[in-house]
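Engineer: All I have is the shape, not the residue letters:
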């Protein structure tokens, strides 16, 4: 078969059957956060309780991100049991560092300094905030375990198992949420942390079960010609992803830190958390667009582009429906149990988030092309642009319109994402070479 013939082999049914399970599983991830926020919103002092959970959750993004990257590294590099053992060894180093960092934050003065002076936590909330993180720190470990085995599952086209694992996780979290609500035990942010940890443990167990089955039955001991055999090769692929993610993870904590200096601190943090969780619920379905590029772009670039073009309009339309029609207030008040003041502030923030919903699908698409070309170092520059513009927008907004509250965070995150997209577009226009195979001795 000629190259031109191969490029006409990708149908929309193939794209949908590959993408849909990934999108559903990502959506369910965000839905789990909506469940938690809805549970905490039923506390006697919802602003205080949600704030005590949201701040350590943003710190969790720093410790969890290196673990999440194991999914990308594993799906790209693991083809046999030898490469998996090398991947597992690298993963053990990552987990050890996460545990060490968590212990330092939870049980030394470093944690107090981080929450008091970086996040701007009020001293009376310090103990409850740290107690929440003492639970959340273990979420990173189980998240890393599930991502490690997700990499095996995705490469072997068993993407339905990501949806199955998330489905089981959501059911368990919802049942535990109902228990806390019906027994009137929603008294602190620790409730949200317990629900989150239990859900992550369950999802990790499902991923380990299926991934281990594939290792035993499908994956050979050694694939002839596969270049990945040791930890050094894994690290050479993993480190550029880690560097760019280190820059990215400062965005969330920076936003929450500045929101701690707004006119109405608790309202700002809570409204941003609710609006952000709903926006991410919509965007999460489209967070695997880069996987479509990685798996199908070389075969049929035009079909991939048309498919993404259709997808790109959906998140903005969904957020517009929530933000500008009665459906949004109804959902917040009846499903999430949000009070009137917090609902209004969340809707205002969600309207600003529409900028990000228009930008994100194309950013993920173009990041997929960059990864396909083996130019992942570019992501360091694009993430740097995102972080720089986000922080700059935060400082300008807090000094000029501090009464915007949660809208400040939404604006900063949206403008930062736009800046990241502009850098990626600029690089792609300047780069004319054809995509290079990701898995080659040269790139490793």
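Structural biologist: Yep, that arrived. Given the structure is predicted, the values throughout are model-derived calculations rather than measurements.
Engineer: what about residue 348, how many neighbours?
Structural biologist: 17 (other C-beta atoms under 10 Å). All C-beta spots, glycine's among them, are computed from the backbone N, C-alpha and C.
Engineer: ok, now residue 332?
Structural biologist: Neighbours of residue 332 using other C-beta under 10 Å come to 25.
Engineer: Surely it is in contact with residue 339?
Structural biologist: No - under the criterion of C-beta atoms under 8 Å, residue 332 is not in contact with residue 339, lying 9.3 Å apart.
Engineer: For stretch 335-353, buried residues please.
Structural biologist: Residues 336-338, 342-343, 345-353 are the ones in stretch 335-353 that count as buried (16 or more other C-beta atoms under 10 Å).
Engineer: okay, among the residues you listed, which ones form the most distant pair?
Structural biologist: Spatial extent of the buried residues of stretch 335-353 (C-beta to C-beta) is set by the pair 337 and 352 at 23.3 Å.
Engineer: in stretch 118-137, what counts as buried?
Structural biologist: So, applying 16+ other C-beta under 10 Å, buried residues of stretch 118-137: 118-121, 125-126, 128-137.
Engineer: which ones among the residues you listed are found in helices?
Structural biologist: The helices, defined by DSSP state H, take in 125, 126, 128, 129, 130, 131, 132, 133, 134, 135, 136, 137 from the buried residues of stretch 118-137.
Engineer: Now for the last one: which residues touch it?
Structural biologist: Spelled out, that is residue 137. Each residue near residue 137 by C-beta atoms under 8 Å, 6 or more residues apart in numbering is listed here: 60, 63, 98, 99, 102, 103, 105, 106.
Engineer: so what's the fifth one closest to, chain neighbours aside?
Structural biologist: Meaning residue 102. Nearest non-adjacent residue to residue 102, counting by C-beta to C-beta, 6 or more residues apart in numbering: residue 137, 3.3 Å away.
Engineer: Need the pLDDT of that neighbour.
Structural biologist: As summarised for this prediction, residue 137 has a pLDDT of 92.
Engineer: Pull the distance from stretch 176-194 to the chain's centre.
Structural biologist: 24 Å (C-alpha atoms, centre = their mean, to the nearest Å).
Engineer: If you could redo that for stretch 320-332, that was the one I meant.
Structural biologist: 24 Å.
Engineer: mind listing what's buried in that stretch?
Structural biologist: 322, 323, 328, 329, 331, 332.
Engineer: pLDDT of that stretch, averaged?
Structural biologist: Averaged over stretch 320-332, pLDDT sits at 90.
Engineer: do stretch 107-116 as well
Structural biologist: 88.
Engineer: what about it, start to end distance?
Structural biologist: End-to-end span of stretch 107-116 (C-alpha to C-alpha, to the nearest Å): 15 Å.
Engineer: Toward the C-terminus, what is the element adjacent to the helix or strand that contains residue 171?
Structural biologist: Per DSSP states H and E: residue 171 is located in helix 160-182. Using DSSP H and E, the helix or strand that directly follows helix 160-182 along the chain is helix 190-217.
Engineer: Tell me the buried residues in that next one?
Structural biologist: 190-208, 210-211, 213-215.
Engineer: picking that back up, quick check: helices, which of the contacts of residue 137 are part of them?
Structural biologist: 60, 63, 98, 99, 102, 103, 105, 106.
Engineer: Please verify my assumption that the first one contacts residue 138.
Structural biologist: What that stands for is residue 60. No - counting by C-beta under 8 Å, residue 60 sits too far from residue 138 to count as a contact (10.1 Å).
Engineer: more neighbours, the two?
Structural biologist: Per other C-beta under 10 Å, whichever of residue 60 and residue 138 has more neighbours is residue 60, with 22 against 17.
Engineer: and the gap between the more buried one and residue 50?
Structural biologist: The spacing between residue 60 and residue 50, counted by C-beta to C-beta, to the nearest Å, is 15 Å.
Engineer: Then residue 255?
Structural biologist: Distance from residue 255 to residue 50, counting by C-beta to C-beta: 15 Å.
Engineer: How about residue 181?
Structural biologist: Residue 181 is 15 Å from residue 50, where distance means C-beta to C-beta.
Engineer: Look at the closest residue to residue 404 other than its chain neighbours and report its pLDDT.
Structural biologist: Distance criterion C-beta to C-beta, 6+ apart; nearest residue to residue 404, sequence neighbours excluded, is residue 397 at 6.4 Å. On the pLDDT scale, residue 397 is placed at 88.
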